[in-house]
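Engineer: quick one, what's the 3D model for this:
(chains A and B)
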Number of protein chains: 2
Amino acid sequence: MKIALAQLNYCIGDFEGNTNKMIKSALDAKGADLVVFSELSVCGYFPSDCLEYADFIEKCQQALGQIAVKCAEVPLLVGCPVLVETDANGERRLANAAVYLYKGERKVFAKARIGDNALCDERKYFKSSSDDGILELDGIRMAITIGDDLCNWAEDPLLIENRLDRMLNLHPNLVINLAASPFDYTMPLKRCNLLRKTVLKHEIPLLFVNQVGAQTHLIFDGGSMAYASNGHVDYALPFFSEAVEIIDTESLYFRRTDTDRLVVPDKLALIHDALVLGVRDYFHKMNFRKAIIGLSGGLDSALVTYIAARAIGVENVRVLLLPSQFSTDHSVSDAVALAENLHVPYDTIAIKPLFDSFSSALKPVFGDRPFDVTEENLQARIRGILLMAVSNKFGNILLNTSNKSEAAVGYGTLYGDMCGGLSVIGDVYKSEAYALARYINREEEIIPWHTIEKAPSAELRPDQKDSDSLPDYDVLDKILYQYIECARSCEQIVARGFERAVVERAVRMVNRNEFKRQQVAPILRVSPRAFGNERVMPVVAK
Amino acid sequence: MKIALAQLNYCIGDFEGNTNKMIKSALDAKGADLVVFSELSVCGYFPSDCLEYADFIEKCQQALGQIAVKCAEVPLLVGCPVLVETDANGERRLANAAVYLYKGERKVFAKARIGDNALCDERKYFKSSSDDGILELDGIRMAITIGDDLCNWAEDPLLIENRLDRMLNLHPNLVINLAASPFDYTMPLKRCNLLRKTVLKHEIPLLFVNQVGAQTHLIFDGGSMAYASNGHVDYALPFFSEAVEIIDTESLYFRRTDTDRLVVPDKLALIHDALVLGVRDYFHKMNFRKAIIGLSGGLDSALVTYIAARAIGVENVRVLLLPSQFSTDHSVSDAVALAENLHVPYDTIAIKPLFDSFSSALKPVFGDRPFDVTEENLQARIRGILLMAVSNKFGNILLNTSNKSEAAVGYGTLYGDMCGGLSVIGDVYKSEAYALARYINREEEIIPWHTIEKAPSAELRPDQKDSDSLPDYDVLDKILYQYIECARSCEQIVARGFERAVVERAVRMVNRNEFKRQQVAPILRVSPRAFGNERVMPVVAK
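Structural biologist: You can find the predicted model right below:
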């Protein structure tokens, strides 16, 4: 039997676009006996509160109907929210379903394990299904599962137990999983191992079809796979791009080769590709074309400019150089070098005259009070205004350049350098940003080496260095990782060999700056714990 | 038997403060045979991801131990997260518990119905308990329940069924509920009716102890109650303030009076008191003292200034008047009149010189392009910078003055008038803001009548009126209410008698401006559906 795995990039709520794309893929998959799409493919994953609107659900059903008509001759498995009747009293509940469509026939397979992660709160909208279903085609009995249905739900973490265990009495001989599994740099490998364990436990081949593409802050990496019954990956679709591949189920029982075909790129390559896709989809799906970035000569803005150029084309990127009286010469020359390396057009506006105007406007209120953080923030905010003005006048979307270390400790100015419609590297620690820059420069100098090698500075007062007010990023980032990603306490972090005073200061800065993080743009998620709706902390607390 | 209902205002994670407050209340409640606190009282509700930190849970246990020692002679019921052993294999799981403490004795009663609302995602941290427990004291068998345990969990909405039904075989003759029930203007009445139905179903008296005080955006209104077995409220604690009241359980079986003692204030009074408490607690719990507001002469900033003065004292509020070349004379005179009515000090900075500086700085980039929304936003952003500069220099926290109608349709400038640490009236529609202003003026003119009666305008270009680009607020707000609070589709709203073109335009504006709402300060929640984490919409979508 030939099954097409359709790994496509959907836009949430774009029923026309999604439907056309699915129909085209189905009709192009010549010779396939079944085409499998990913979870909630008709509407895109994850639509959140759109699922509370009756007309949204209605449009999903219309899309499903249209696909069924246009592809009547091709058996399909489509992801779609479906209202199903509950046993009790005929009340209808929303299910996260895989719908089988063929020549007017229609079977609904509903998800059992409704996702309970903080990224996509499925429990808010969907009811879990206890009806397990088998789709039998050409003598193959397929266990239809969706997303987390194949996650471990055993009490004992050492035991793998999931929906499939419950379905064994139905005698499946192929497992299909329609998924939309959000990316982080640990996920491709983690997912592969989890699925392999399930395959090995029962020695049943498995087809995994994942969504690809970014949905605001969440990135889906694709990487769909077909596992042979011995646990090897026999077909591996690409990461971060659309692909449709027809696989032959025969080979999954009698293995074609000895080698596993899955090659998971290393962490930096994954983060790089994820960020490029994240920026590209943000622009394309929002119907934006052009970006603007404030270029300081430092690492972060250089990285974001490079990523933007890769994502939407250098012809759609422009940058502003906004030197102040505290900017060093090399800031300007490094920024110019980057713009020239990438062939990005730049304008320069010196902010001193504006700073002076504000100083005199504020003089009657400020009196003779000395220069302090007010004036530092003022410079950052003047830059924010200028960038937003050019953004408004020419329609270029401002990209935010804050990194995760800065966001964590609040080293940034609200309404200043924290402006922007999308935070590109807000989930990348500063030390990872350096590594990423070196990765980008692996063949030729794109980001000026001087930018990578000089000491980081905000340049908001004379001779300022980040290290004046922050621990070295090498140390800081390790502490932040322990505190944020691992949720370890100060005591536990100190016990791992860090200096108590540094740990306590870093943790205090993270806690005290929650209010700043509540006002930032969506952050492209690449780590297992990004700021945003995944890490929910009270602003007001001790 | 005498039971003290302790309705207190906790600060999340302030173990010392919370503990001292609880100990004092317990020791002051002379003659009480039991003191009942609210849900998660030792740590404050709702601590979110703090619950994932082992040291936070450890500090909760230390606080519990300290209370037990200091109040050993007083029987207590305290809300606290507790690790309990599960049957299976000794693994420990976190329970949202009521802990009975008396002379070294300790009993844990865990919550069964772990809250599933979007405001406080308890499912992320807590496991549900199926152990129902009775606390027997002086012959009274108390069914101990927590928060949503008394919410209806029947499939059939007409049937009231909750944890108590399951506990009837334990023969309780008093129900106790430790709660932290977030306020919205419908909640006091809704909660009262729900609890009354439960009382009437079984004719068992009920004590409801609620948290009071604001936790960032969430406000808890208190309003604790004791229901007699016939469903009447026999004791009603105040809304929006701390109170400890000792009730006599005798009277709950043999009613004291014929009248119900619960008086629910009307919607405007509730919203008014909630907002004042919300601002007060934001400042007190964050250890902030002073506020600053940009005063335009319009309704919203006048309302916020009044609320701030009520909340933290007029001596801690200052305002800036920031007229532009498009400001009318009455803007300035209305703003001055308000400042004088409230005795709030004000400074005036004309923004034209700054606007001119930006215009010349941008001239080389803008060329001769005409005045457009760029220049409108520029004015708003110059104001934002000035307010933040004074905020930074003097330590006054900037309060945001956007209303819910503006936030909904995106009628506001990011990093301009959308600046601020807390959005005070961001959950109040413009038409409700008018009603609130009239309520405030019910005895004397506080907000100048001219501010209330003139046509609203952003004054960012000559003769601008809100009605140039928006439907009348009377109509707009009704459409927004249907779309946001009721989640109705365009079709359904049109069917209720609104003009199709207006409905479609309003809905389009709401959808298109999701990105702006993702970057605003926490909004004090007073309606059943506020913007923020309660309404979760994808930014990128069609």
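Engineer: what number of residues lie near A:Ser38?
Structural biologist: Counted with other C-beta atoms under 10 Å in any protein chain shown, the neighbours of A:Ser38 add up to 32. To be clear about C-beta, it is placed using only N, CA and C from the backbone, and glycine gets the same treatment.
Engineer: same thing with A:Lys478?
Structural biologist: Close neighbours of A:Lys478, defined as other C-beta under 10 Å, add up to 18.
Engineer: I figured it hits A:Phe498, correct?
Structural biologist: Yes: under the contact definition of C-beta atoms under 8 Å, A:Lys478 touches A:Phe498, with a separation of 7.3 Å.
Engineer: dihedrals phi and psi, the closest residue to A:Leu237 other than its chain neighbours?
Structural biologist: In space, A:Leu237 comes closest to A:Ser224 once its chain neighbours are excluded; the distance is 4.1 Å by C-beta to C-beta, 6 or more residues apart in numbering or on different chains. Here the main-chain torsion angles of A:Ser224 (degrees, to the nearest 10) amount to phi -60, psi 150.
Engineer: do the one 3 residues further on as well
Structural biologist: For A:Tyr227, the backbone dihedrals (degrees, to the nearest 10) come out as phi -100, psi 130.
Engineer: wait, what's in contact with the closest residue to A:Tyr481 other than its chain neighbours?
Structural biologist: Take A:Tyr481 and drop its neighbours on the chain: the residue closest to it by C-beta to C-beta, 6+ apart is A:Tyr429, 7.2 Å away. Taking C-beta atoms under 8 Å, 6 or more residues apart in numbering or on different chains as the contact definition, A:Tyr429 lies against A:403-405, A:473, A:477, A:480-481.
Engineer: what about the closest residue to A:Lys290 other than its chain neighbours, distance to B:Pro323?
Structural biologist: Nearest residue to A:Lys290 in three dimensions, chain neighbours excluded: A:Asn396, at 4.3 Å (C-beta to C-beta, 6+ apart). According to C-beta to C-beta, to the nearest Å, A:Asn396 stands 31 Å off from B:Pro323.
Engineer: go on, A:Leu64?
Structural biologist: To B:Pro323, A:Leu64 is 57 Å away according to C-beta to C-beta.
Engineer: what do you get for A:His171?
Structural biologist: The spacing between A:His171 and B:Pro323, counted by C-beta to C-beta, is 79 Å.
Engineer: neighbour count winner among these two?
Structural biologist: B:Pro323 (20 against 10).
Engineer: quick check, the more buried one in contact with B:Thr348.
Structural biologist: Yes: the pair formed by B:Pro323 and B:Thr348 meets the contact definition of C-beta under 8 Å, at 7.1 Å.
Engineer: what residues are shared contacts of the two?
Structural biologist: Residues touching both B:Pro323 and B:Thr348 (C-beta under 8 Å, 6+ apart): B:Val332.
Engineer: list the contacts of the helix or strand of chain A with the lowest mean pLDDT.
Structural biologist: The least trusted helix or strand in chain A, going by mean pLDDT, DSSP states H and E, turns out to be helix A:466-469, with a mean of 86. Where contact means C-beta under 8 Å, 6+ apart, the residues beyond helix A:466-469 that reach it are A:411, A:455-458, A:473.
Engineer: which stretches of the stretch 1-150 of chain A form helices?
Structural biologist: For the stretch 1-150 of chain A, the helices defined by DSSP state H, counting those that start in this stretch occupy A:15-28, A:54-70.
Engineer: end to end on stretch A:315-329, go ahead and measure it.
Structural biologist: Stretch A:315-329 has its terminal residues 27 Å apart, counting by C-alpha to C-alpha, to the nearest Å.
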